[in-house]
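K.L.:
pasting the sequence and the predicted model now:
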Amino acid sequence: MRRDECGSILDSQYINRIDDYEIISRNVPASGSRDATSSLATFRPGTGSFFYAYNAYIDTSGQRFFRIFETDQKAHILNETTFLDPNSLNISNITLLDESNVVFALEYINFNYNILKWDMTTDSIHQFYTTNNIRLREIKASSDKKLYIITDNNQHKNVKLSKIDLDGNVIWSYNDTCENAIFRDLLETNDRILLVGSTCKSQTQTLPCIFELDKNGRLISKKTFTNPVLGLPSDFSKIIRSKDGNIICTSVKLQMLEIIFIPSSFQIQTRLESDLGNKISNEY
């Protein structure tokens, strides 16, 4: 185990596995810093570099400052910025747009969010998009340097994937109306977008699902998974692609991390479970 300068644990084996499968890691603890109250992390594929974001309080004033910094695998800080926003609750999401720009979301009360871009070259921060009274689930950079945004509004039974440019203009949106449905993550390939989460089987039961969209946000297919032998969870929380081209979906259920392997045929192949406090087996 290694610890970064904020005390977060960096597991070398896990880092190597992230490099193998291009996993995005989140919810990194910052317990080593007394002032830090929350933390996120995202991995820059192929570089061995991490981005962290956490919010902290200045002891003398009580004001809330936010800090974003990039580290290498030896926990050396490569880039960092600090800014003040007394009204924001936390940094809820972060993604890498390109080698010089990081996009992140600040959360405010009543599910309001500001989305900003940090230019590491000029150390400038620019707000370009705002959402109001909807939950922001995820933001992720697209291959053409635009931004995918996953939101939902349970009151109106509306879940949405939108693609926006860096001026805040909506390029397209895909909506799905279903009670209890949630989109949690997406994977962009050369010619399609795979959107994962849950869709409704009934008013009280949901099923894990993969929605397949084209690059213009049009639905191609919708796949739900109901295999009782595997004892699947009610939704998928993360989707990644392994080097062999297969899809790996993850979900957390009853303190267990479930790794579900799905070949390109969208037929479930196998499943691996691990206690959240333990490492996942080297078999995957």
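P.N.:
Yep, that arrived.

K.L.:
buried stuff in stretch 238-251?
P.N.:
Buried residues in stretch 238-251, counted by 16 or more other Cβ atoms under 10 Å: 238-241, 247-251. Glycine gets a C-beta too; all of them are placed from N, C-alpha and C.

K.L.:
got CSV for those, with secondary structure, pLDDT and distance to residue 212 too?
P.N.:
Shown next, in CSV, are the buried residues of stretch 238-251 (DSSP: H, G, I helix; E, B strand; the rest coil; pLDDT from 0 to 100; distance: Cβ to Cβ, whole Å):
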residue, secondary structure, pLDDT, distance to residue 212
238, strand, 82, 17
239, strand, 84, 11
240, strand, 78, 16
241, strand, 75, 14
247, strand, 78, 11
248, strand, 78, 16
249, strand, 79, 13
250, strand, 75, 19
251, strand, 72, 19
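
K.L.:
any chance of those in CSV, with distance to residue 112 too?
P.N.:
Conversion of those to CSV gives the following (distance: Cβ to Cβ, whole Å):
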residue, distance to residue 112
238, 25
239, 27
240, 30
241, 33
247, 33
248, 33
249, 30
250, 29
251, 28
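
K.L.:
nearest to residue 143, of the residues you listed?
P.N.:
Set against residue 143, the nearest of these by Cβ to Cβ is residue 241 (13.2 Å).

K.L.:
I'd guessed residue 217 sits against residue 175; true?
P.N.:
No - taking Cβ atoms under 8 Å as the definition, residue 217 is not a contact partner of residue 175, at 9.6 Å.

K.L.:
who has more neighbours out of these two?
P.N.:
residue 217 (17 against 10; other Cβ atoms under 10 Å).

K.L.:
tell me if the more buried one really is in a strand.
P.N.:
No - secondary structure of residue 217 (DSSP: H, G, I helix; E, B strand; the rest coil): coil, not part of a strand.

K.L.:
circling back to that earlier point, which members of the buried residues of stretch 238-251 are the farthest-apart pair?
P.N.:
Farthest pair in those (Cβ to Cβ) is 241 and 251. Separation: 16.7 Å.

K.L.:
quick check, nearest of the buried residues of stretch 238-251 to residue 136?
P.N.:
residue 238 (16.3 Å).

K.L.:
residues in a beta bridge with the residue nearest to that closest one when sequence neighbours are not counted, which ones?
P.N.:
What sits nearest to residue 238 in space, not counting adjacent residues and going by Cβ to Cβ, 6 or more residues apart in numbering, is residue 250, at 4.2 Å. Taking DSSP bridges as the rule, residue 250 bridges to residue 238, residue 259.

K.L.:
wait, isn't residue 250 in contact with residue 235?
P.N.:
No - Residue 250 is beyond contact range of residue 235, at 10.6 Å (criterion: Cβ under 8 Å).
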